[in-house]
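Participant: What shape does this take:
(one chain, ligands or ions: 1)
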Amino acid sequence: MTTAIGVVMTEHIVAGRLEDNRLVGQTLRYPEDLDESDALAAIPAGELTEILATQISTLAASETRPLDAVGVAVPGIVRHGVVEDSPNLPQIKGMRLAEELGRALAGRGIAAPVYAANDADSIAAGVAATRGQLDRLTRVWTIGNGIGYGRWPYVEGVWEGGHITVTLDPKERFCGCGGVGHLEGIMGYRAMRMRFLDLEPEEVFAQARQGDARCREFVDLWHRALAAATASFIHLAGPGRFYFTGHNVGFLELPLLRSHLETMVKMSPLQSFSLEILPPDDETALLGAGVSALRASAE
Ligand SMILES: [Zn+2]
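Facilitator: I've put the predicted structure just below:
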């Protein structure tokens, strides 16, 4: 039997214990108050490490066997245990997360290896694990304030799919990173608020459904942008399974996405792709963080 702890840190922290790639027992959440959003933004990186270590040691205390691995999923560019960038949690940029958390855990008597991963990659790992398809390519788009792209199995790289260029229009400059023509500059929540100064994104999608021409045109662009990025990944890595999740996945109309994708992917060996919406939850990411940590520790 393998035992691991998976943690996901986004606007809040959720941690859970895994046995044989399955979540067992209760998860722990910080802050415990569900209404408190954006609670982590003001907490210094060192304190976040302590909160993570406390949660992990609480979960580890319910198990007599030593842990095989600890995995932490965070948004941003995460490589070799280092958070190279994390626009929504800027205080952890540059942090040697795996090393620092490992030290905090060692101080609590826990010697398990610690791995850090991108949250979208962890969701892909979690989906692959729950569907029993750890041997297959699984890709995930997370649609939230930013746009994330994750894949399982992990391969070395940057994989900032949300910043893929989907238009040559020089006026498309709403991406949070400052780049022109990016997917997130069309689909991201912040970017939509900058484009529609008079409407919230929810109102844009609602008015589109009621037939408003300007909103309908934008909703079509939003889906075409996602189709373009997905088509690019199909042309690079092949067809297969794509999952869509995240806080704002409710904006997505799968038939509309599929109809645009079919205009973009014409080579017959590439047309066997599948598209599926997953309701957002924290358990998939933390499960994936634990599963990928176990996989990495076994290599
Ligand atoms: Zn960008």
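Participant: Flag every buried residue along stretch 280-297.
Facilitator: Of all the residues in stretch 280-297, those buried under the rule 16 or more other Cβ atoms under 10 Å are 280, 282, 284-295, 297. Yep, even glycine has a C-beta here, placed from its N, CA and C like the rest.
Participant: could you give the mean pLDDT of that stretch?
Facilitator: Average pLDDT, stretch 280-297: 94.
Participant: export it as PDB, just CAs?
Facilitator: Extracted C-alpha coordinates of stretch 280-297, given in PDB (Å, rounded to 0.1, in the frame of the first residue of the first chain):
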ATOM      1  CA  PRO A 280     -14.800  22.300 -10.300                       C
ATOM      2  CA  ASP A 281     -13.600  20.700  -7.000                       C
ATOM      3  CA  ASP A 282     -10.500  20.700  -4.900                       C
ATOM      4  CA  GLU A 283     -10.400  17.000  -4.400                       C
ATOM      5  CA  THR A 284      -9.300  16.200  -8.000                       C
ATOM      6  CA  ALA A 285      -6.300  18.600  -7.700                       C
ATOM      7  CA  LEU A 286      -5.100  17.400  -4.300                       C
ATOM      8  CA  LEU A 287      -5.600  13.700  -5.400                       C
ATOM      9  CA  GLY A 288      -3.500  14.500  -8.500                       C
ATOM     10  CA  ALA A 289      -0.800  16.300  -6.500                       C
ATOM     11  CA  GLY A 290      -0.500  13.200  -4.300                       C
ATOM     12  CA  VAL A 291      -0.500  10.800  -7.200                       C
ATOM     13  CA  SER A 292       2.200  12.700  -9.100                       C
ATOM     14  CA  ALA A 293       4.300  13.000  -6.000                       C
ATOM     15  CA  LEU A 294       4.100   9.200  -5.500                       C
ATOM     16  CA  ARG A 295       5.000   8.700  -9.200                       C
ATOM     17  CA  ALA A 296       8.000  11.100  -8.900                       C
ATOM     18  CA  SER A 297       9.200   9.500  -5.700                       C
END
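Participant: Tell me which entries of the buried residues of stretch 280-297 lie within helices.
Facilitator: Among those, the members falling in helices (DSSP state H) are 282, 284-295, 297.
Participant: Quick check: residues of the chain near the ion?
Facilitator: Within the chain, the positions lying close to the ion (Cβ under 5 Å from the ion) are 163, 175, 177, 179, 182.
Participant: So how do I select the buried members of the residues you listed in PyMOL?
Facilitator: A single PyMOL command selects the buried members of these (16+ other Cβ under 10 Å):
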select buried, resi 163+175+179+182
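Participant: and residue 72, how many neighbours?
Facilitator: 30 (other Cβ atoms under 10 Å).
Participant: Mind listing the strands the helix or strand hosting it pairs with, and their directions?
Facilitator: Using DSSP states H and E, the secondary-structure element containing residue 72 is strand 69-74. Within its sheet, and counting by DSSP bridges, strand 69-74 is paired with strand 3-9 (parallel), strand 114-118 (parallel).
Participant: helix or strand right after the last one?
Facilitator: For strand 114-118, the succeeding helix or strand toward the C-terminus, using DSSP H and E, is helix 119-130.
Participant: ok, now the longest one?
Facilitator: Beyond strand 3-9 on the C-terminal side, the first helix or strand identified by DSSP H and E is strand 13-19.
Participant: what packs against that next one?
Facilitator: In terms of contacts (3 or more Cβ pairs under 8 Å, 6 or more residues apart in numbering; DSSP states H and E), strand 13-19 is packed against strand 3-9, strand 22-30, helix 45-60, helix 282-298.
Participant: out of those, nearest to residue 71?
Facilitator: Residue 71 sits nearest to helix 282-298 of all the helices and strands packed on strand 13-19, at 3.0 Å, using Cβ to Cβ.
Participant: and the angle from the closest one to strand 114-118?
Facilitator: For helix 282-298 against strand 114-118, the angle between stretch directions is 130 degrees (axes from the mean of the first three to the mean of the last three Cα atoms, to 10 degrees).
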